[in-house]
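# Sequence and predicted structure below; questions after.
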Amino acid sequence: MDKKQIKRAIKKNVKIAGEKGADFKKIAVKEYVKIKKEMDIAAKKVESYVKKNPEKAAVISAAIGAAIGAAVTGVIVAVSKKKK
């Protein structure tokens, strides 16, 4: 292959890659919109539940916070033990 053939092949592949990238972007945007709608619906349901059951929501939130805190603490302890 000479330089001209290489340059043509590169340009062709760059064009193909650009087209594929545009296709992937369209797909990603559609999925984003779909997920955003689902998250908005879920957020409205959560908001409604919290308004109707503030005490339960507070307890659930505290439990989730405690669980996350315990998990993070466990990871930190495990990592610090590995370093020693």
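The structure has been received and is ready for your questions. All figures in this text were calculated on a predicted structure; none of them were measured in a lab.
# care to break this protein down by domain?
Listed by automatic domain parsing, the domain ranges of the chain are 1-52, 54-84.
# Tabulate these in CSV, adding columns for mean pLDDT.
CSV is the format used below for the domains of the chain (pLDDT from 0 to 100):
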stretch, mean pLDDT
domain 1-52, 91
domain 54-84, 93
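# Redo these as CSV? Include mean neighbour count.
C-beta: built from backbone N, CA, C; applies to glycine. CSV is the format used below for those (neighbours: other Cβ atoms under 10 Å):
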stretch, mean neighbour count
domain 1-52, 10
domain 54-84, 10
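# can you tell me how far Ile27 sits from Ile64?
According to Cβ to Cβ, to the nearest Å, Ile27 and Ile64 sit 33 Å apart.
# same deal with Asp23?
As defined by Cβ to Cβ, Asp23 lies at a distance of 39 Å from Ile64.
# What of Lys56?
Lys56 sits 12 Å away from Ile64, going by Cβ to Cβ.
# Show the subsequent helix or strand relative to the helix or strand encompassing Gly21.
Element membership of Gly21, judged by DSSP states H and E, is helix 3-52. Using DSSP H and E, the helix or strand that follows helix 3-52 in sequence is helix 54-83.
# tilt between that next one and helix 3-52?
Inter-element angle recorded for helix 54-83 and helix 3-52: 130 degrees (by axes from the mean of the first three to the mean of the last three Cα atoms, to 10 degrees).
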